[in-house]
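Visitor: using only what follows, build the 3D model:
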Amino acid sequence: MFIHSLPIFFAYIQLGTPLDLLLIALLVYIIVYLTMPNIAPTQEGECIALKGLSFYKYLLYAWFGSLKLWVVFWPYFILLNISLYLTDTLAMQGNFTVSSWDEVHFILLTPSIFWTLCVWRNASNTKSKFSAAGAGFMTLAVFFEYALKLVIRDDYPRIFFACQDIMLDYASCF
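Guide: Here you go, the predicted structure:
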């Protein structure tokens, strides 16, 4: 996340400095920390064990808030970041057209919404409120990344995409 988009944000968009963004991120983290549910000591058997769960039951228990937070947060967070990095790298090299880049991000948006709701529902299933707030903050940061990529797509496509290499979708670079 933010590997390719933050340099463009600071160099070309210039809506703020890195210090401004850091202060805003700290303020958002504090708000998320204050709005997280209180972490009660988990009782034995309260969280469902992963052993023997099918993928469908994993999604179902994640939706109901019956899994530990790290089980819900980390798998999708790693998969999402790998997908975003590969998509952006391929688009910058000219191997993805602009419309293909849009489609990949749209495809990743729906599971990101589901993942965000699951993280918030499972936030009380952790040992520290600090880690629950960190997971909640990172899910909100994903949507900031999507907004930033939308701005880059609409206003700065010639900077991000290798427009000279794209013949089929060259009109999207203007």
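Visitor: residue 120 versus residue 88, what's the distance?
Guide: 27 Å (CB to CB, to the nearest Å). For the C-beta atoms, the positions are set from N, CA and C on the backbone; glycine is no exception.
Visitor: could you do residue 31 as well?
Guide: For residue 31, the distance to residue 120 equals 14 Å [CB to CB].
Visitor: the more surrounded of those two?
Guide: With neighbours defined as other CB atoms under 10 Å, residue 31 and residue 120 compare such that residue 120 has more, 20 against 14.
Visitor: quick one: contacts for the more buried one?
Guide: Counting by CB atoms under 8 Å, 6 or more residues apart in numbering, residue 120 touches 136, 139.
Visitor: if you set the cut-off to 7 Å instead, what comes out?
Guide: Residues counted as contacts of residue 120 (CB atoms under 7 Å, 6 or more residues apart in numbering) are residue 136.
Visitor: and residue 39, by the same measure?
Guide: Residues near residue 39 by CB under 7 Å, 6+ apart: 124, 126-129, 132.
Visitor: helix, strand, or coil at it?
Guide: The three-state label given to residue 39 by DSSP: H, G, I helix; E, B strand; the rest coil is coil.
Visitor: elements contacting the lengthiest helix in the chain?
Guide: Secondary structure of the chain per DSSP state H: the longest helix is helix 129-155. Counting contacts by 3 or more CB pairs under 7 Å, 6 or more residues apart in numbering; DSSP states H and E, helix 129-155 packs against helix 5-8, helix 18-35, helix 69-93, helix 98-121.
Visitor: looking at those, which is closest to residue 156?
Guide: Among these, helix 5-8 comes nearest to residue 156, with 6.2 Å by CB to CB.
Visitor: quick check: buried residues in that closest one?
Guide: 5, 8 (16 or more other CB atoms under 10 Å).
Visitor: what residues are up against residue 67?
Guide: Shown in contact with residue 67 (CB under 7 Å, 6+ apart): 47-48, 61, 122, 125.
Visitor: other residues contacting stretch 48-61?
Guide: The contact list for stretch 48-61 (CB under 7 Å, 6+ apart) reads 66-67, 71.
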